[in-house]
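K.L.:
Compute the structure for the input listed below.
(chains A and B)
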Amino acid sequence: AQKVTQAQTEISVVEKEDVTLDCVYETRDTTYYLFWYKQPPSGELVFLIRRNSFDEQNEISGRYSWNFQKSTSSFNFTITASQVVDSAVYFCALNGRGSTLGRLYFGRGTQLTVWP
Amino acid sequence: KAGVTQTPRYLIKTRGQQVTLSCSPISGHRSVSWYQQTPGQGLQFLFEYFSETQRNKGNFPGRFSGRQFSNSRSEMNVSTLELGDSALYLCASSLVSDTEAFFGQGTRLTVV
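P.N.:
From the prediction side, this is the model:
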């Protein structure tokens, strides 16, 4: 079975604080993909990053960074020096190979509010 | 490059009616997926189409159906609408099934 858990329902920070969003996943597939999406109030899911299960190298893109650890089945997302525009719901998602290919399993999302 | 376009953006329907939602994928993308988003259930997968064939289907009743045309555009249909069908319906397109999916802004359906 495929499952994604985002234990943090809501997080509030003040601008310029660093914030980490947690994501834990479950899958029996040996090859799979992990994603992070951002959903602003407009509703559109904005793609942020995709990693495959064979690439555990952490990644940094501007103020965003991702920490992928297969040993703990986690794919955490950190925003450095947060800004008000980062306020949104963030979703972690999993796409396995085999019969579930093409289907994203989403966590319940984390509502991030950044206060000025 | 144009993104994923969903029409209409908002829709109000009465219980028992049927509705058709449309999705135009990014040019060159052949895989189209549909998701339902509600506060109670979160984001749930409806179905995925690739080259006009349904490849995957989520756990939804037969009232929910879809299709994909030769130009990769997709439609989903919900018949005999129920109040619980009120949701944001999101369409996503990708080059093939295992690459990053890009989402449209969704169609917000309200059933009264």
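K.L.:
ok now do A:G107, which residues does it touch?
P.N.:
Contacts for A:G107 (Cβ atoms under 8 Å, 6 or more residues apart in numbering or on different chains) come out as A:4-6, A:23, A:91-93, B:42. (Glycine included, C-beta is placed from N, CA and C.)
K.L.:
ok, the helix or strand bottoming out on mean pLDDT in chain A near chain B or not?
P.N.:
The helix or strand of chain A with the poorest confidence is strand A:59-61; it has a mean of 84 (mean pLDDT, DSSP states H and E). No. Using Cβ under 8 Å from any Cβ of the partner chain, we find that strand A:59-61 stays clear of chain B, coming within 14.0 Å at best.
K.L.:
That strand pairs with which strands, parallel or anti?
P.N.:
strand A:64-69 (antiparallel) (DSSP bridges).
K.L.:
Would you tell me what the next helix or strand after the partner strand is?
P.N.:
Sequence order places strand A:74-79 as the next helix or strand after strand A:64-69, per DSSP states H and E.
K.L.:
Mind giving me the packing neighbours of that next one?
P.N.:
strand A:19-21, strand A:24-26, strand A:32-39, strand A:46-52, strand A:64-69, strand A:88-96 (3 or more Cβ pairs under 8 Å, 6 or more residues apart in numbering or on different chains; DSSP states H and E).
K.L.:
List the residues that contact residue 13.
P.N.:
Using chain A. A:19, A:82, A:112-115.
K.L.:
hmm, I had chain B in mind actually
P.N.:
Per Cβ under 8 Å, 6+ apart, neighbours of B:K13: B:19, B:81, B:109-112.
K.L.:
again, 7 Å this time
P.N.:
For B:K13, the contacting residues are B:19, B:81, B:109, B:111, by Cβ atoms under 7 Å, 6 or more residues apart in numbering or on different chains.
K.L.:
That concludes my questions; thank you for your assistance.
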